[in-house]
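Enquirer: let me see the structure of the following:
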Amino acid sequence: AALVKSMIAAEPWRLVTAAMLHGSIIHFFMNAITMWSLGLLLERGAHRHLLTLVWLSGAIAGSLLSWAATSATSVGASGGILAVFCFLLVMGKRRQHHLPPDFASSLVRSLLMIGMLGLLAWGVIENVAHVGGAIEGAAIGLLVFRGADDPLPLPDSNLLTMIGRVADTLFVAIAIFTIYKLVS
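Expert: Predicted structure coming up:
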């Protein structure tokens, strides 16, 4: 179920299952803690129904860019996490008058730290997947936060509810499929 680049043409599902896997327990916990804190910010700051969509699309974008640019096998949720991160960064820039004074600048500092870590651990970290997820998250953020005067969190709507339910269902289906692939 990992992102084995030579197998993606025959098994394209690896583009999503790889994001459900982690290389070690430390890798899992680092991603889980980061996702928990960033996820809470997105759910409370923007809208609860956007979290899974942003994460999934970032994970897929990260896998696609990794497939296009590298030959190394990889696993991890970092493309999705960087998507959430950059979505929040766009929100922080576009809605700064609704947020604490240093919200966006704190995220920029954290993003620089992630970049430095990526450079230091180049052989272990899939930086290309990070970039793919970051670009996707920023793109979604730019789409969602077009108007500067819209409130935060975003008001409930049937469209957001539908998007959230579809994304949540896809996430659960991918998780179950990943488990199936691991045990079969």
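
Enquirer: in what helix or strand does the residue nearest the centre of the chain lie?
Expert: By Cα atoms, centre = their mean, the chain has its centre lying nearest to residue 80, at 1.7 Å. Assigned by DSSP states H and E, residue 80 belongs to helix 78-94.

Enquirer: and for residue 170?
Expert: Going by DSSP H and E, residue 170 is in helix 158-183.

Enquirer: mind listing what's buried in that helix?
Expert: Buried residues in helix 158-183, counting neighbours by 16 or more other Cβ atoms under 10 Å, are found at 160, 163, 164, 167, 171, 174, 178, 181. (C-beta placed from N, C-alpha, C; glycine too.)

Enquirer: swap in stretch 22-32?
Expert: By 16+ other Cβ under 10 Å, the buried positions in stretch 22-32 come out as 22, 27, 30, 31.

Enquirer: got the angle for the helix holding residue 170 vs helix 78-94?
Expert: Relative orientation of helix 158-183 with respect to helix 78-94: 160 degrees, computed using axes from the mean of the first three to the mean of the last three Cα atoms, to 10 degrees.

Enquirer: coming back round to it: among the buried residues of stretch 22-32, which pair sits farthest apart?
Expert: The widest separation within these, taken as Cβ to Cβ, falls between 22 and 30 and amounts to 8.8 Å.

Enquirer: so which elements touch the helix or strand bottoming out on mean pLDDT in the chain?
Expert: Ranked by mean pLDDT, DSSP states H and E, the weakest helix or strand in the chain is helix 103-120, scoring a mean of 83. On a contact count with 3 or more Cβ pairs under 8 Å, 6 or more residues apart in numbering; DSSP states H and E, helix 103-120 meets helix 78-94, helix 127-144.

Enquirer: for the buried residues of stretch 22-32, which one is nearest residue 117?
Expert: Among these, residue 30 lies closest to residue 117 (Cβ to Cβ), at 10.4 Å.

Enquirer: got the contact list for the closest one?
Expert: Not one residue lies near residue 30 by Cβ atoms under 8 Å, 6 or more residues apart in numbering.

Enquirer: quick one, what contacts residue 132?
Expert: Contacts of residue 132 by Cβ under 8 Å, 6+ apart are 58, 61, 62, 63, 64, 65, 66, 79.

Enquirer: go again using 6 Å as the cut-off
Expert: Contacts for residue 132 (Cβ atoms under 6 Å, 6 or more residues apart in numbering) come out as 61, 62, 65, 79.

Enquirer: where does the chain dip in pLDDT?
Expert: Within the chain, the stretches with pLDDT under 70 are 121-124.

Enquirer: can you put the buried residues of helix 158-183 in TSV and add distance to residue 47?
Expert: Putting these into TSV (distance: Cβ to Cβ, whole Å) gives the following:
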residue	distance to residue 47
160	6
163	9
164	8
167	12
171	16
174	22
178	26
181	32
